[in-house]
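*Asks:* Build me a structure from this.
(4 chains)
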There are 2 protein chains.
Amino acid sequence: MPTKTRLNFFPRLVMERPDIALCRVSTLITRAAELQGHANNVGANHHLVLKMLVNVGPCSQQTLSEELRIDRSVMVGIADDLQKAGYVSRERNPDDRRAYQVDITGAGKTALLHAESSVPKFLNDVFAALTAAERDQLTKILAKVLEID
Amino acid sequence: MPTKTRLNFFPRLVMERPDIALCRVSTLITRAAELQGHANNVGANHHLVLKMLVNVGPCSQQTLSEELRIDRSVMVGIADDLQKAGYVSRERNPDDRRAYQVDITGAGKTALLHAESSVPKFLNDVFAALTAAERDQLTKILAKVLEID
DNA sequence: TCAAGATGGTCTGTTATCAAACGATTGAGT
DNA sequence: ACTCAATCGTTTGATAACAGACCATCTTGA
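*Replies:* Okay, the predicted model is just below:
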């Protein structure tokens, strides 16, 4: 039988089109997260919302979605989920009755702590091939790319 | 009126969870591509298939999808599109009648050349914030992360 | 030769995401 | 006071991608 040909065409593509490589890595991350169960990248959006609420206090859905780069219409579902789980409260802002005032609850803080505890392991798995220095470089480069505001 | 608060919470997230930053960058790329019309990231998959066919010759859909990290079931649609456009031929492999023999046509080569010509500008726009050295670093880091075969 | 498993391509259902439109509310200008 | 545009949250429709099942074909091993 014809042995499986190893083409290794992709590395060349990475050099020529890093943008596509970025997309591939990001789907790779999603898969890795799914393998590890929840609280990593599956539910990453929920995770981020809780994290932000702890760090900056009560927010409107709009603020959350702008700051976290999550679409407004997606944020609706996330807020639904978190509220249903009892992780956030969601009251109308009395000063602006269009907006909600989303805030994290005690249960939400507990859940966040639990989720956070599994993050280091996850990152280690995803970026296993990278040295600490390379991870720092990557982080800085990504921050620069995202500085589009 | 209360001035729009700039929270800048996201940079902190980039430091703590580069995996999420990667995902955000990749959606950012998709958006940028859409703004610029086609032949960049919109249709990136089609582009990649043509590019690979030129470089490695006729392939089965399976080989294309493995090498390019595109799901088999997605590859079906891509091959359909390319064939319909006259950019590839698609005949059964006589040695293995399960598999197709996908090959690029003259029209496909022309289309690829045209698409390639707009890539440098696109990459420049997406990675505008990065120096040449940083782009090299990013490319190398991505290649390393993807070295999961 | 024949049965069992692997492989190539396809199709269906599910999920995540975005764009666009909508009602409700707010703010600005007149 | 009144109108008009902007904003907040929501819903709907569209698209991309993946998982899983499916059939046809090939390969392996008895």
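
*Asks:* what angle sits between the host helix or strand of residue A:137 and helix B:132-146?
*Replies:* Secondary structure assigned from DSSP states H and E places residue A:137 in helix A:132-146. With axes from the mean of the first three to the mean of the last three CA atoms, to 10 degrees defining the directions, helix A:132-146 sits at 120 degrees from helix B:132-146.

*Asks:* Relative to DNA strand D, how far out is the nearest residue to residue A:70 once chain neighbours are set aside?
*Replies:* Once flanking residues are discounted, residue A:70 sits nearest to residue A:45: 5.7 Å by CB to CB, 6 or more residues apart in numbering or on different chains. No exception for glycine: its C-beta is placed from N, CA and C like everyone else's. The span separating residue A:45 from DNA strand D equals 14 Å under the rule CB to the nearest atom of the strand, to the nearest Å.

*Asks:* try residue A:123
*Replies:* In this view, residue A:123 and DNA strand D are 20 Å apart by CB to the nearest atom of the strand.

*Asks:* again with residue A:61
*Replies:* Distance of residue A:61 to DNA strand D, given as CB to the nearest atom of the strand: 3 Å.

*Asks:* Mind jotting down where the helices sit in chain A?
*Replies:* In order along the chain, chain A carries the following helices (DSSP state H): A:10-16, A:18-35, A:44-56, A:61-68, A:72-84, A:106-117, A:119-126, A:132-146.

*Asks:* For the longest one, which residues meet the burial criterion?
*Replies:* In other words, helix A:18-35. Residues A:18-26, A:28-29, A:32-33 are the ones in helix A:18-35 that count as buried (16 or more other CB atoms under 10 Å in any protein chain shown).

*Asks:* So is the longest strand seen in chain A next to chain B?
*Replies:* Secondary structure assigned by DSSP state E gives strand A:96-104 as the longest strand of chain A. No: Strand A:96-104 lies apart from chain B when judged by CB under 8 Å from any CB of the partner chain; the minimum separation is 9.4 Å.

*Asks:* which stretches of chain A aren't confidently modelled?
*Replies:* Counting by pLDDT under 70, chain A contains low-confidence residues at A:1-6, A:36-42, A:148-149.

*Asks:* Which residues of it lie near DNA strand D?
*Replies:* Residues of chain A found near DNA strand D, taking CB under 7 Å from any atom of the strand as the criterion, are A:1, A:27, A:31, A:34, A:60-63, A:65, A:72-73, A:75-76, A:79, A:96, A:98-100, A:102.

*Asks:* Now, of those, which are buried?
*Replies:* Burial by neighbour count, 16+ other CB under 10 Å: within those this picks out A:60, A:61, A:63, A:65, A:75, A:79, A:100, A:102.

*Asks:* Excluding sequence neighbours, find me the nearest residue to residue A:59.
*Replies:* The shortest distance from residue A:59 to any residue other than its chain neighbours is 5.6 Å, reached at residue A:102 (CB to CB, 6+ apart).

*Asks:* Please apply the same query to residue A:96.
*Replies:* Residue nearest to residue A:96 in three dimensions, not counting chain neighbours: residue A:60, with 8.0 Å by CB to CB, 6+ apart.

*Asks:* Residue A:144 reaches residue B:135, doesn't it?
*Replies:* No: Residue A:144 sits out of contact with residue B:135 when judged by CB atoms under 8 Å, with a separation of 10.7 Å.

*Asks:* Let me know the angle separating the longest strand of chain A from helix A:44-56.
*Replies:* Using the same axes, to 10 degrees, strand A:96-104 lies at 100 degrees relative to helix A:44-56.

*Asks:* Relative to residue B:13, which of the helices of chain A is closest?
*Replies:* helix A:44-56 (6.8 Å; CB to CB).

*Asks:* Say whether chain B is contacted by stretch A:136-147.
*Replies:* Yes: using CB under 8 Å from any CB, stretch A:136-147 reaches chain B at A:137, A:138, A:139, A:141, A:142, A:143, A:144, A:145, A:146, A:147.

*Asks:* and that stretch, how far out from the chain's middle?
*Replies:* Using CA atoms, centre = their mean, to the nearest Å, the distance from the centre of stretch A:136-147 to the centre of the chain it belongs to is 15 Å.

*Asks:* Show me what counts as buried in that stretch.
*Replies:* Residues of stretch A:136-147 classed as buried under the neighbour-count rule (16+ other CB under 10 Å) are A:137, A:138, A:139, A:141, A:142, A:143, A:144, A:145, A:146.
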